[in-house]
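Trainee: sequence first, then the predicted structure:
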Amino acid sequence: MRLYDFVRNSAKNHPDKIAVVHHKERLTYCRLDRESNLLAEELVVKGVKKGDRVGLFLDNGCEYLTAYFGILKTGAVVVGLNSQYVARELVLPLNDCAPKIIITDLKHSHTVNEALKNCCHSVGLWVMDKAFTRENTISQKTTLLDSNPCADDDLAVIIYTSGTTGRPKGVMLSHANISANADSIIEYLRLTAEDKIMVILPFYYSYGMSLLTTHIKVGAAMVIDNRFLYPNTVLENMIKEEVTGFAGVPSHYNILIKKSALREFKLPKLRYVTQAGGAMAPVMIKEFIEFFPQVKFHVMYGQTEASARLTYLEPDFLTKKMGSIGKAIPGVKIDILNEQGRPVEPGEIGEITASGENVMLGYWNDPEETSKVLRENWLSTGDLAKMDEEGFIYIVSRKREMIKSGANRISPLEIEEVVCRMSGVLECAAVGVNDEILGEAISLFVVNDGAAISEREIMLFCKQNLASYKTPKEVKLVSSLPKTSTGKIKRVELLKT
């Protein structure tokens, strides 16, 4: 199925139902379909053709949805760009994928104009005004659109990886890739048209995009709130809008548990929550489910290269299999392979590999990097894991993040999980630093939650709760950890401090 069929079908089946809520704005499915048609026609007038890339440099909002589906309805490719980029950062993806046009708004237009000065391609600019869609809900033009401009296997979206360790790469996802992943997520979350998700994740991020595609496909509603710097405001909005679902990365849950009045809120309509975007300390999960025992907590794992999702842990197994990322989602096959490419035995460590209709087409304009991770339709994730006797998977580390100290290979996640149990610790990150004797030693960066704890106390806690070879050589208290816009820790930047 083509992605624009999601909104067409939902507009046909639920024309007057609210699709998007953003503050005082309410957008029905019928209006979203009409407005995206109008935008698509404008793009065709501007010369956009099938296969052209169209950049999208907007914050989450009704306009983002209109532009997203409007681009797809022309047969063009959506290039969702991080709206937090400065001009220097924006130049790289623009030069890489050479979009025909970039759509932005007045708020972001200065950044785009500065970036365009350094582009090696000619890129058109459309500064979209709210009045464009709000005052022209029905196009008066002759219809210029082909109702079926592309096939399921055609390229639909390019998502640039967050670049935690190097140059971002453009992940190419087809309509079929994203549709297959949406179907799987809908199945295991049991999503229906009655659901309403609180969206705090940006749509240019694969996790955020999966909220968009799944909820539009089933005719559910999205409540967009970009104010997570004020978590209590978001919680109040969840109550007001009677949301049934919430999605976040570990830092979002850390903030809710330690920096908000979560304990004082009742969320009677909340049915489920999902967590992905990196490992979350089990102690934090336990604390959350103690607050809301009636809410289904889904731990999930995936990659942008897999259209978002690869595995999930069913809530019924959460306590028994704490720390696991579960098993493969419907339609995906997972193998854990050793360095010789053979499946490992239970308890042995190997690399997660995956196959399924959700696996990407490749990296844009980068066949060399594509060949490193795609082999005979199998995706090499670069994540090391082990499996227990019942087939549940446990992440050990990223290949490149494993700390090699002496004869030991140490997972930073294990250290971080232990240290997060310490009272007063909000979050932490362990990295390997050069050591003349061991090759690498462990350096630990800790953010406290406002409590008065010292580096000496943290070191003592580590010595009491970790094997000697896993004990950090140094502990540094910091005010925050460097992160990507999607909440992943930039370990490379920690090595520079």
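Mentor: Received, thanks.

Trainee: give me every residue that touches N408.
Mentor: 469-470 (Cβ atoms under 8 Å, 6 or more residues apart in numbering). From N, CA and C alone the C-beta is placed, and that goes for glycine too.

Trainee: at 10 Å instead, please
Mentor: 402, 438-440, 467, 469-470 (Cβ atoms under 10 Å, 6 or more residues apart in numbering).

Trainee: what is the most widely separated pair among the residues you listed?
Mentor: With Cβ to Cβ as the measure, no two of these lie farther apart than G439 and A467, at 17.4 Å.

Trainee: these two: who's more crowded?
Mentor: G439 (14 against 10; other Cβ atoms under 10 Å).

Trainee: once you drop chain neighbours, what's closest to G170?
Mentor: Take G170 and drop its neighbours on the chain: the residue closest to it by Cβ to Cβ, 6 or more residues apart in numbering is W364, 3.4 Å away.

Trainee: okay, and the residue lying closest to C62 once chain neighbours are set aside sits in which element?
Mentor: The shortest distance from C62 to any non-neighbouring residue, by Cβ to Cβ, 6+ apart, is to L27 (4.8 Å). Per DSSP states H and E: L27 is located in strand 25-28.

Trainee: do the same with T214
Mentor: Assessed by DSSP H and E, T214 sits inside helix 206-218.

Trainee: quick check: next helix or strand after that helix?
Mentor: strand 221-224.

Trainee: relative to that following strand, what are the paired strands and their orientations?
Mentor: strand 18-22 (parallel), strand 196-199 (parallel) (DSSP bridges).

Trainee: can I get these in JSON lines including mean pLDDT and distance to E389?
Mentor: Converted to JSON lines, the strands paired with strand 221-224 look like this (pLDDT from 0 to 100; distance: least, Cβ to Cβ, whole Å):
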{"stretch": "strand 18-22", "mean pLDDT": "98", "distance to E389": "45"}
{"stretch": "strand 196-199", "mean pLDDT": "98", "distance to E389": "35"}
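
Trainee: for R409, find the nearest of these.
Mentor: strand 196-199 (38.5 Å).

Trainee: from the chain's centre, how far out does the closest one sit?
Mentor: A distance of 15 Å separates the centroid of the chain from that of strand 196-199, by Cα atoms, centre = their mean, to the nearest Å.

Trainee: buried sites along that strand?
Mentor: Neighbour counts over strand 196-199 (16 or more other Cβ atoms under 10 Å) mark 196-199 as buried.

Trainee: Serialize the residues you listed to TSV and add fields for distance to R227.
Mentor: Formatted as TSV, the buried residues of strand 196-199 follow (distance: Cβ to Cβ, whole Å):
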residue	distance to R227
K196	18
I197	16
M198	11
V199	12
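
Trainee: for stretch 328-345, buried residues please.
Mentor: By 16+ other Cβ under 10 Å, the buried positions in stretch 328-345 come out as 328-329, 332, 334-336, 344.

Trainee: which ones among those lie within strands?
Mentor: Counting by DSSP state E, the part of those found in strands is 328, 332, 334-336.

Trainee: tell me the one of those residues nearest T304?
Mentor: Taking Cβ to Cβ as the measure, V332 is the one of these closest to T304, at 14.9 Å.

Trainee: can you tell me how far the nearest residue to the closest one once chain neighbours are set aside sits from L374?
Mentor: Using Cβ to Cβ, 6+ apart and skipping residues adjacent in sequence, the residue nearest V332 is G356, 3.9 Å away. Going from G356 to L374 by Cβ to Cβ, to the nearest Å gives 13 Å.

Trainee: can you pick out the residue with more neighbours from the two?
Mentor: G356 (23 against 19).

Trainee: I239 belongs to a helix?
Mentor: Yes. The assignment for I239 is a helix, going by DSSP: H, G, I helix; E, B strand; the rest coil.

Trainee: residues contacting it?
Mentor: The contact partners of I239, by Cβ under 10 Å, 6+ apart, come to 265-270.

Trainee: now these: which count as buried?
Mentor: Using 16+ other Cβ under 10 Å as the burial test, the contacts of I239 include 265, 267, 270 as buried.

Trainee: save those as CSV, and put in distance to P412, secondary structure and pLDDT too.
Mentor: As requested, these are exported to CSV (distance: Cβ to Cβ, whole Å; DSSP: H, G, I helix; E, B strand; the rest coil; pLDDT from 0 to 100):
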residue, distance to P412, secondary structure, pLDDT
F265, 33, coil, 91
L267, 33, coil, 94
L270, 32, coil, 97
